[in-house]
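S.K.: My questions concern the predicted model and sequence given below.
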Amino acid sequence: MPYLIDLGATALAYLTELTYRRPRTWIPEVERLHALLHTHGDAALRTAFERGLAEQAFGAEYIAHYLGATMSPLPFEETDWPPTPGPERLRRPKGRSAAEPLDAVEHGGILSARRRPVMIADETDLDALFKRLHLANARRVWRDLVQRAEHESWSYRDFLTLLATDEIAHRQQTRLARLTRRAHFPFLKTIDDFNFTYRSSLRVHMLGSALAPDFVTEGRTLIFTGKPGRGKTHLAIAVAYRAIQNGFDAFFTTAAALIDDLSAAFRAGELAQALPTYTHPAVLVVD
């Protein structure tokens with residue numbers, strides 16, 4: 001038996017919007033769409049979903065109208081869904097008091113904390129939803145985390161916390177790598193790589209707030225002087241890289257390249273277009 005979700009990305013997008021826009025009536029809506037699928041076929045439903053997305057029209061009645069079928073409206077308004085079950089719909093287990101509420105299973109479905117139906121997505125659905133939310137890392141790791149959670153009996157809170165933490169860490173690493181490439185460092189060195197034992201006149205504490213966010217936010221300037229080969233470029237790159245780690249961007253250039261670039265831009269009457277390369281980054285390293 002075919003399912004709506006088997007119709008591909010268009011169907012998934014339409015159903016996602018439907019559940020979002022009609023949180024209380026999407027279950028009967030989906031049931032009616034399944035009926036239309038069985039009577040009109042895959043191709044017709046896929047075309048109707050595409051038209052519905054284009055016109056931002058969601059619901060089984062619209063799809064039926066597009067297909068030329070007749071469909072009566074739901075017997076209740078969205079604000080009335082789910083309908084209050086009467087005695088003919090529900091039977092309480094023996095020994096259950098009338099004052100005791102029925103649980104989710106006895107309601108015939110899974111209900112949220114607010115007693116609303118919850119959509120349970122399969123693996124294909126979750127991949128598409130993570131992709132739509134631009135959660136690339138969560139899309140990559142969630143299956144392994146689910147297995148670990150089941151094996152180690154994690155709580156829902158623990159699972160979501162780890163999934164979110166891993167996504168944040170991945171984004172931070174991606175951002176750090178992107179800004180480092182954009183900085184055009186000739187090589188990457190950190191302050192931890194610098195060997196202060198061979199520089200008796202220099203200690204890490206002397207760099208002071210150059211390694212802190214205040215160095216950027218207060219617009220400070222730092223000049224390294226000394227003989228060649230003493231690590232001036234290393235320290236300048238390390239300070240700029242620390243600024244990137246603190247959330248800022250940086251750019252590295254040599255004094256010769258800076259002069260040549262701006263001189264050529266000035267002669268061509270394009271100085272205003274050339275300046276942002278050097279003025280927009282929060283930290284500029286001129287070697």
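M.R.: All right, it came through fine. Since the structure is predicted, the reported quantities are computational estimates derived from the model, not experimental observations.
S.K.: now the closest residue in space to Asn137 that isn't next to it in sequence: how far from His134?
M.R.: Residue nearest to Asn137 in three dimensions, not counting chain neighbours: His170, with 3.7 Å by Cβ to Cβ, 6 or more residues apart in numbering. Where you see a C-beta, it was placed from the backbone N, CA and C, and this is true even at glycine. Remark: distance between His170 and His134 (Cβ to Cβ, to the nearest Å) = 12 Å.
S.K.: which one of these two has more residues nearby?
M.R.: His170 (16 against 9; other Cβ atoms under 10 Å).
S.K.: Secondary structure element holding the more buried one?
M.R.: Element membership of His170 [criterion: DSSP states H and E] is helix 156-183.
S.K.: next one: that helix to chain centre, how far?
M.R.: In terms of Cα atoms, centre = their mean, to the nearest Å, the centre of helix 156-183 is found 10 Å from the chain centre.
S.K.: Are there helices or strands packed against the following helix or strand past it, and which ones?
M.R.: Downstream of helix 156-183, the first helix or strand assigned by DSSP H and E is helix 214-217. Of the remaining helices and strands, those touching helix 214-217 by 3 or more Cβ pairs under 8 Å, 6 or more residues apart in numbering; DSSP states H and E are helix 232-245.
S.K.: Go through the next helix or strand after the helix it packs on and flag the buried ones.
M.R.: Moving toward the C-terminus from helix 232-245, the next helix or strand (DSSP H and E) is strand 250-253. Buried residues in strand 250-253, counting neighbours by 16 or more other Cβ atoms under 10 Å, are found at Ala250, Phe251, Phe252, Thr253.
S.K.: just the CA coordinates of strand 250-253, formatted as CSV?
M.R.: C-alpha atoms of strand 250-253 as CSV (Å, rounded to 0.1, in the frame of the first residue of the first chain):
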residue,chain,number,x,y,z
ALA,A,250,41.1,38.9,11.1
PHE,A,251,43.2,39.4,8.1
PHE,A,252,46.9,39.0,7.5
THR,A,253,49.1,40.8,4.9
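S.K.: Could you tell me how many residues sit around the closest residue to Leu12 other than its chain neighbours?
M.R.: The spatial neighbour of Leu12 that comes closest, neighbours along the chain excluded (Cβ to Cβ, 6+ apart), is Ala128 at 5.1 Å. By other Cβ under 10 Å, 18 other residues sit near Ala128.
S.K.: and if you look at Asp166?
M.R.: 16.
S.K.: wait, it sits on Ala136?
M.R.: No. In this structure Asp166 lies outside contact range of Ala136 using Cβ atoms under 8 Å: 11.4 Å.
S.K.: Remind me what the one helix or strand in the chain whose mean pLDDT sits lowest packs against, helices and strands.
M.R.: Using mean pLDDT, DSSP states H and E, the weakest-scoring helix or strand in the chain turns out to be helix 123-132, at a mean of 76. Here helix 123-132 touches helix 9-21, helix 136-152, going by 3+ Cβ pairs under 8 Å, 6+ apart.
S.K.: Leu188 contacts Ala240, doesn't it?
M.R.: No. The criterion here is Cβ under 8 Å, and Leu188 misses it with Ala240 at 10.1 Å.
S.K.: For these two, indicate the residue with more neighbours.
M.R.: The neighbour comparison of Leu188 against Ala240 (other Cβ under 10 Å) goes to Ala240, with 26 against 11.
S.K.: Leaving out the residues flanking it, which one is nearest to that one?
M.R.: Ala250 (4.0 Å).
S.K.: if I look at the one you found, how far off is Phe58?
M.R.: 47 Å.
S.K.: any low-confidence regions in the stretch 51-200 of the chain?
M.R.: Scanning the stretch 51-200 of the chain for pLDDT under 70 picks out 71-124, 195-200.
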